[in-house]
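1. Okay, predicted coordinates and the sequence, questions at the end:
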Amino acid sequence: MDLAKETIKDDVPAIASELTYKILLAFFPFLIFLMSLIGYLKLDESLFMSQMLSLFPKEIADVLSNFVSEVVVGGKATVLSISLLVSVWSASSGFRGVIKGVRMSFGRNEGGLVRTYALSVFFVVLFATTLVTMLLLMIFNNAIFRFLRGSALLSGGAASLYSLLGTFLSMAVMLFSLMLIYKFSIPFRTGLRQVMPGALFSVAAWVIISKVFNIYVNNFARYSRVYGSIAGVFILILWLNIISLTLLIGSEINSVLIKHDERQAAKCGAEI
């Protein structure tokens, strides 16, 4: 009940729409930085792209694939190296929106300007590193799983469990990353344990909603008939809005629980 009241009072859907706009502007510069990071680490870009694109509906995958092939891989390495800092700075605008949304869920929008900008740049690097780590875990887990299954070293039941290991490890990495984002966005000192409930909700919601959204878009929706060649962009905006909404609701969960703990502590102190 408190969560519903706080969500309505803070006008979370409207803030999520604003956050979606900022994330959309930051999305492609972030993708440039992500692919530059993969190239810097001497990793196989095509393998990472195929693994990453499998997570999106076909229309979004087509948009991202065209962007990467034309801008990142299409003979513009010199431009990318020169504009890398610009890409990080542009991508950080989306995380400044995240910081603002988290602070507003706690009813506080204060925070030093320099600290906010520094945090947003740090979050860009953190999130890019998180995605690379997740993709590495998924790739290596799939390779090891195929080897063990081909060698008949795993039974059917064990193979099914092992195939989920990479996913669970990837989600654990994402969970820890999101906990750090929540923790450092809150304008007062708090522990990782206090922000875990909201982070757990957000990660679980991202996985479930993205899977359902993917199935719906690929099998039932017919956006391409209405929007034509820009259907992928429209679907990307919808997906980013869902991500923004779950991220802010996760912050609202943390806010409600932390305020409840503070009231309980104050009540105990008064009784003493």
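-> Everything's here; your move. Small disclaimer: the values here were computed from a predicted structure and weren't measured.

2. Could you tell me the per-residue confidence at S151?
-> Note on S151: pLDDT of 59.

3. can you check I272 too?
-> 56.

4. ok, now S17?
-> Here, the pLDDT recorded for S17 equals 88.

5. Now name the helix or strand holding it.
-> Using DSSP states H and E, S17 sits in helix 12-40.

6. Which element is encountered next along the chain beyond that helix?
-> For helix 12-40, the following helix or strand on the C-terminal side (DSSP H and E) is helix 45-53.

7. buried ones in that following helix?
-> Going by neighbour count (16 or more other C-beta atoms under 10 Å), the buried part of helix 45-53 is F48, M49, Q51, M52, L53. In this view, the C-beta of every residue, glycine as well, is placed from N, C-alpha and C.

8. In TSV, list the residues you listed along with distance to L64 and pLDDT.
-> As requested, the buried residues of helix 45-53 are exported to TSV (distance: C-beta to C-beta, whole Å; pLDDT from 0 to 100):
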residue	distance to L64	pLDDT
F48	12	77
M49	8	79
Q51	12	76
M52	8	79
L53	6	79
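
9. And the residues you listed, which is closest to S255?
-> Distance to S255 across these (C-beta to C-beta) is lowest for M52, with 31.8 Å.

10. wait, what's in contact with the closest one?
-> M52 is in contact with L64, L131, L135, counting by C-beta atoms under 8 Å, 6 or more residues apart in numbering.

11. from the residues you listed, which is closest to L236?
-> Of all the contacts of M52, L64 has the smallest distance to L236: 8.3 Å, by C-beta to C-beta.

12. how close does the closest one sit to K58?
-> Distance check for L64 against K58: by C-beta to C-beta, to the nearest Å, it reads 11 Å.

13. Could you check how far the residue nearest to I209 when sequence neighbours are not counted is from I235?
-> Among residues not flanking I209 along the chain, I242 sits closest, at 5.6 Å (C-beta to C-beta, 6 or more residues apart in numbering). Note on I242: its distance to I235, by C-beta to C-beta, is 11 Å.

14. These two: which is more packed in?
-> I235 (23 against 18; other C-beta atoms under 10 Å).

15. can you tell me the helix or strand for the more buried one?
-> Element membership for I235 (DSSP H and E) is helix 231-271.

16. Can you check what angle separates that helix from helix 12-40?
-> Inter-element angle recorded for helix 231-271 and helix 12-40: 110 degrees (by axes from the mean of the first three to the mean of the last three C-alpha atoms, to 10 degrees).

17. The lowest-mean-pLDDT helix or strand in the chain - contacts with which helices or strands?
-> None of the helices or strands of the chain scores lower by mean pLDDT, DSSP states H and E than helix 223-227, at a mean of 72. Contacts defined by 3 or more C-beta pairs under 8 Å, 6 or more residues apart in numbering; DSSP states H and E place helix 223-227 against helix 231-271.

18. just checking, what packs against the helix it packs on?
-> If contacts are counted by 3+ C-beta pairs under 8 Å, 6+ apart, helix 231-271 sits against helix 2-9, helix 12-40, helix 58-67, helix 77-105, helix 156-185, helix 192-219, helix 223-227.

19. Y117: which of the ones you listed is closest?
-> Judged by C-beta to C-beta, the one of these that comes nearest to Y117 is helix 77-105, at 7.1 Å.
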